[in-house]
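> Below: sequence and its predicted model.
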Amino acid sequence: MKSDLIKKGIERLPHRALLYATGIPRTEMGKPFIGVASSFTDLIPGHVGMRDLERFIEKGVHAAGGYPFFFGIPGICDGIAMGHSGMHYSLPSRELIADMVETVAQAHQLDGLVLLTNCDKITPGMLMALARVNVPSIVVTAGPMISGHMKSRRLSLVNDTFEAIGKYKKGLISEAEIGELEQCACPGAGSCQGMYTANTMACVTEALGMSLPECATALAVSSKKRRIAFQSGQRVVELVKKKITPKKIMTLKAFENAIRIDMALGGSTNTVLHIPAIAHEAGVNLPLEVFDRLSKDTPHISNMLPGGEHYLEDLEYAGGIPAVLKRLKHLLNNAPTVSGEKIYDIADRVDIIDEEVIRPLNRAHHKEGGIAVLKGNLAPYGAVVKQSAVSKNMMRYKGKARVFDSEEFAMRAILGGNIKAGDVVVIRYEGPKGGPGMREMLSPTAAIAGMGLSESVALITDGRFSGGTRGPCIGHISPEAMEKGPIAILKDGDLISIDIPKRRIEALLDDKEIKERLKNLKLQKPKITRGWLARYAQLVTSASTGAVMKS
């Protein structure tokens, strides 16, 4: 066992003394040492219920003949960090999380790992670490939150709080209703109720083969989630005994499966950052073009919030990810999973309970998957849109640029009523380097939707979007403004053309004008010049490559 390096031989006497100081009995010293990386925190709704799941993971590890050691990993709630300086830290935290898991696992020579996670950057950060460390591992996502309720109406975070701000500003709802919504929209523990980034990444993790079947959609408050936690603790010990490591699971075929499930569910555009970053750590080449290629022949069969109507609890009761695998079986690779079953085995043994939530292919909501990759003179390296959340009449759009050099400036204009039908809101210097940290633009997009402008206004940015974004919102524009990308030369009044079916995004400027503007471009000064974020800005790569750090 790997842990023999710290517990066997006369030269390890001091190491054993320190281990005994933790309380481990002598009888347990010969068992596999299993690290349980828990991202429990009181700060994140998706993580407040993890103390309970920790107990069941611990029971499972003990029951299977391992010995668990818990260590803590921090997390950020994107919803709470949204719309202010805190969001600069969200995407960069993914790298810190990966580094922390790697550091603890390698420093203590752990034989296996259980990763207890749930929310946006914590899950991909942990998966990145598993690919690096490559010891037998399993992921437990803590589960989605149940829907909120108010006067017999179901509620979700994004549609009923972020978008409510725009509705209130326009006089569509009262202050009293705002007060009710903030009390009712999020009723307890779990990741936010739609196919936002946290739940998308949970579904991706299960489809990738790194969680047990049904883990992604099992509700945070359910006994089913407890049982999955227990079984995951048991299973990781078996993975250690059989020497089944993450790189044996996270192959190119597995990543293709994960992308297809993402496309079928209309998941968050953030996966276009996270899946390539995980693949990079696993040594798998996964360019941006793969997402578009797979999206073109993967039908969108589940109409999930925010663009659709269904909650994660609906997907759970319809059969969860195994049922989606069943529906898409002919498109999937028969890859192995941490459960010991292959993808086809899982698909074959389940039933699809609700054919409206998980539609047959001949009744798909869209013939193509949820995400499209656009290119053009505004985005030579690519840009990303959640096309499943865009209405038909906005799939092709032409409008005049309204240019802002930060999210804050754009929000003032939107809430001040200064954005009109026919505008294209341009938010730049919010990319990985320029932000720094590539902030999510949920507040502006939600305000636009709440004010009833999502059918007449588009938004483009070198930043990114929350999984909760809907409407014609194009993010990840690469190169970003801080890298002298063409988005940096746009001026108020420039005409911008968006054609999602043709995968094009263009500034209607001639080549001579673009070259002249680029020649005379003066970049904005860095917004942050000290601390971790300043170092991050110097080392982070383009969104088109997953915003990974330079080696």
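Yep, it's here.
> just the strands in the stretch 51-200 of the chain please.
67-72, 112-117, 137-141, 148-150, 153-155 (DSSP state E, counting those that start in this stretch).
> Give me the mean pLDDT for the second one.
Pointing back at strand 112-117 there. What strand 112-117 shows for mean pLDDT is 98.
> The fourth one too?
Here the mean pLDDT over strand 148-150 is 95, rounded to a whole number.
> Tell me which strands it pairs with, and in which orientation.
strand 153-155 (antiparallel) (DSSP bridges).
> Touching the helix or strand that the strand it pairs with is followed by from outside, list them.
Heading C-terminal from strand 153-155, the first helix or strand you meet, by DSSP states H and E, is helix 157. By C-beta atoms under 8 Å, 6 or more residues apart in numbering, the surrounding residues in contact with helix 157 are 79, 185, 186, 192, 193, 194, 196, 468. C-betas here are computed from N, CA, C, even on glycine.
> Please work out how many residues are found near the fifth one.
The local packing count at residue 193 equals 31, with neighbours defined by other C-beta atoms under 10 Å.
> That one: what's it in contact with?
Here residue 193 is in contact with 144, 145, 146, 147, 148, 156, 157, 199, 305, 311, 312, 313 (C-beta under 8 Å, 6+ apart).
> ok, for the fifth one, nearest residue in space, not its chain neighbours?
Taking C-beta to C-beta, 6 or more residues apart in numbering as the measure, residue 148 lies nearest to residue 155, with 3.4 Å between them; neighbours along the chain are not counted.
> coming back round to it: could I get the strands of the stretch 51-200 of the chain as CSV with mean neighbour count and distance to residue 546?
Output for the strands of the stretch 51-200 of the chain, formatted as CSV (neighbours: other C-beta atoms under 10 Å; distance: least, C-beta to C-beta, whole Å):
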stretch, mean neighbour count, distance to residue 546
strand 67-72, 18, 26
strand 112-117, 28, 18
strand 137-141, 31, 19
strand 148-150, 16, 33
strand 153-155, 16, 33
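> which one of these lies closest to residue 370?
strand 137-141 (19.6 Å; C-beta to C-beta).
> can you pull the pLDDT of residue 176?
pLDDT, residue 176: 95.
> Can you get me a residue count around it?
Residue 176: 8 neighbours (other C-beta under 10 Å).
> how about the strands of the chain, start to end?
For the chain, applying DSSP state E gives strands covering 33-38, 67-72, 112-117, 137-141, 148-150, 153-155, 371-376, 379-386, 396-404, 423-427, 458-461, 473-478, 495-499, 504-507.
> picking that back up, tabulate the strands of the stretch 51-200 of the chain (CSV), appending distance to residue 246.
Listed next are those as CSV, based on distance: least, C-beta to C-beta, whole Å:
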stretch, distance to residue 246
strand 67-72, 18
strand 112-117, 9
strand 137-141, 5
strand 148-150, 36
strand 153-155, 37
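> Out of those, the one nearest residue 335 is which?
strand 137-141 (15.7 Å).
> report the longest helix in the protein, please.
The longest helix of the chain (DSSP state H) is helix 223-242.
> Please point out which parts of it sit buried.
Buried residues in helix 223-242, defined by neighbour count with 16 or more other C-beta atoms under 10 Å: 225-226, 228-241.
> which helices and strands sit right next to it?
strand 33-38, helix 50-63, strand 112-117, strand 137-141 (3 or more C-beta pairs under 8 Å, 6 or more residues apart in numbering; DSSP states H and E).
> Mind doing that once more with 7 Å?
helix 50-63, strand 112-117, strand 137-141 (3 or more C-beta pairs under 7 Å, 6 or more residues apart in numbering; DSSP states H and E).
> Who does the second one pair with, and is each partner parallel or antiparallel?
It stands for strand 112-117. The strands beside strand 112-117 in its sheet (DSSP bridges) come out as strand 33-38 (parallel), strand 137-141 (parallel).
> Next, count neighbours for residue 16.
16.
> just the one 5 residues further on next, same as before
For residue 21, the number of neighbouring residues by other C-beta under 10 Å comes to 8.
> For it, which residues are in contact?
If you count contacts by C-beta atoms under 7 Å, 6 or more residues apart in numbering, residue 21 has none.
> what stretches of the stretch 1-150 of the chain score poorly on pLDDT?
Applying pLDDT under 70 to the stretch 1-150 of the chain flags no residue at all.
> For stretch 173-191, which outside residues touch it?
So stretch 173-191 is contacted by 45-46, 48-49, 118-119, 143-146, 148-150, 155-157, 160-161, 164, 167-168, 198-199, 219-221 (C-beta under 7 Å, 6+ apart).
> May I see the strands of the chain arranged in JSON lines, with distance to residue 93 as well?
Formatted as JSON lines, these follow (distance: least, C-beta to C-beta, whole Å):
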{"stretch": "strand 33-38", "distance to residue 93": "14"}
{"stretch": "strand 67-72", "distance to residue 93": "14"}
{"stretch": "strand 112-117", "distance to residue 93": "12"}
{"stretch": "strand 137-141", "distance to residue 93": "17"}
{"stretch": "strand 148-150", "distance to residue 93": "27"}
{"stretch": "strand 153-155", "distance to residue 93": "28"}
{"stretch": "strand 371-376", "distance to residue 93": "23"}
{"stretch": "strand 379-386", "distance to residue 93": "21"}
{"stretch": "strand 396-404", "distance to residue 93": "25"}
{"stretch": "strand 423-427", "distance to residue 93": "21"}
{"stretch": "strand 458-461", "distance to residue 93": "20"}
{"stretch": "strand 473-478", "distance to residue 93": "18"}
{"stretch": "strand 495-499", "distance to residue 93": "31"}
{"stretch": "strand 504-507", "distance to residue 93": "29"}
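> Nearest to residue 245, out of the ones you listed?
Among the strands of the chain, the nearest to residue 245 by C-beta to C-beta is strand 137-141 (7.6 Å).
> the inter-axis angle of that closest one versus helix 223-242?
170 degrees (axes from the mean of the first three to the mean of the last three C-alpha atoms, to 10 degrees).
> distance of the most centrally placed residue in the chain from residue 294?
Nearest to the mean C-alpha position of the chain, counting by C-alpha atoms, centre = their mean, stands residue 197 at 3.6 Å. From residue 197 over to residue 294 the distance is 19 Å, taken as C-beta to C-beta, to the nearest Å.
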